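Peer 1: One predicted model, sequence on top.
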Amino acid sequence: MSRQIDDNTRTFRVNAAIGEHLRVKLHSTADYVAVAGAGEDWIGITQHETTAADQQVVVKLKSGSGTFKVMTAGAVDLGDNLYGAARGCVDDVATGRVQFIALQAAGGAALIEVLPTD
């Protein structure tokens, strides 16, 4: 059955425990998401963590409006182009295409505000 979401978020199930503020991609199982890896496309950002497979997670969809909070894999500067990094994080190391612009600097792995580019 089809449905339409008229909001910035959607609830999915997870294929494994997943952290908060990480990029996710669609899993091969319907209505499931998995952590997006380095250079992989993403559909949204997790809004809370889960502790086990098959739990529900709220995902802020990339098609929605506003900015996002996301974890960095390392140091980034304000205004840096950010790319998908391993484990659902972002980094200024070019891997794939630009996914975000940093609205904050971070001295190492940290939670920052970003603006999506796609």
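Peer 2: In hand now; what should we look at? Since the structure is predicted, the reported quantities are computational estimates derived from the model, not experimental observations. Residues are numbered from 1 along each chain as shown.
Peer 1: any idea how far Gln4 is from the residue most central in space within the chain?
Peer 2: Taking C-alpha atoms, centre = their mean, the centroid of the chain lies closest to Arg23, which sits 1.8 Å from it. Plainly put, Arg23 is 23 Å away from Gln4 if you go by C-beta to C-beta, to the nearest Å. C-betas here are computed from N, CA, C, even on glycine.
Peer 1: So what's the gap between stretch 60-67 and the chain middle?
Peer 2: What separates the centre of stretch 60-67 from the centre of its chain is 10 Å, taken as C-alpha atoms, centre = their mean, to the nearest Å.
Peer 1: could you give the mean pLDDT of that stretch?
Peer 2: Taken as a whole, stretch 60-67 has a mean pLDDT of 94.
Peer 1: mind listing what's buried in that stretch?
Peer 2: Lys60, Lys62, Gly64 (16 or more other C-beta atoms under 10 Å).
Peer 1: With stretch 47-63 instead?
Peer 2: If you call a residue buried by 16+ other C-beta under 10 Å, then stretch 47-63 has these buried ones: Thr50, Val57, Val59, Lys60, Lys62.
Peer 1: Quick one: end-to-end distance for it.
Peer 2: 15 Å (C-alpha to C-alpha, to the nearest Å).
Peer 1: Contacts for it, please.
Peer 2: 5, 8-21, 24, 33, 42-46, 68, 116, 118 (C-beta atoms under 8 Å, 6 or more residues apart in numbering).
Peer 1: Would you agree Arg87 falls within a helix?
Peer 2: Yes - under DSSP: H, G, I helix; E, B strand; the rest coil, Arg87 sits within a helix.
Peer 1: picking up where we left off before, take the buried residues of stretch 60-67 and lay them out in a markdown table including secondary structure and distance to Thr95.
Peer 2: A markdown table is the format used below for the buried residues of stretch 60-67 (DSSP: H, G, I helix; E, B strand; the rest coil; distance: C-beta to C-beta, whole Å):
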| residue | secondary structure | distance to Thr95 |
| --- | --- | --- |
| Lys60 | strand | 22 |
| Lys62 | coil | 17 |
| Gly64 | coil | 24 |
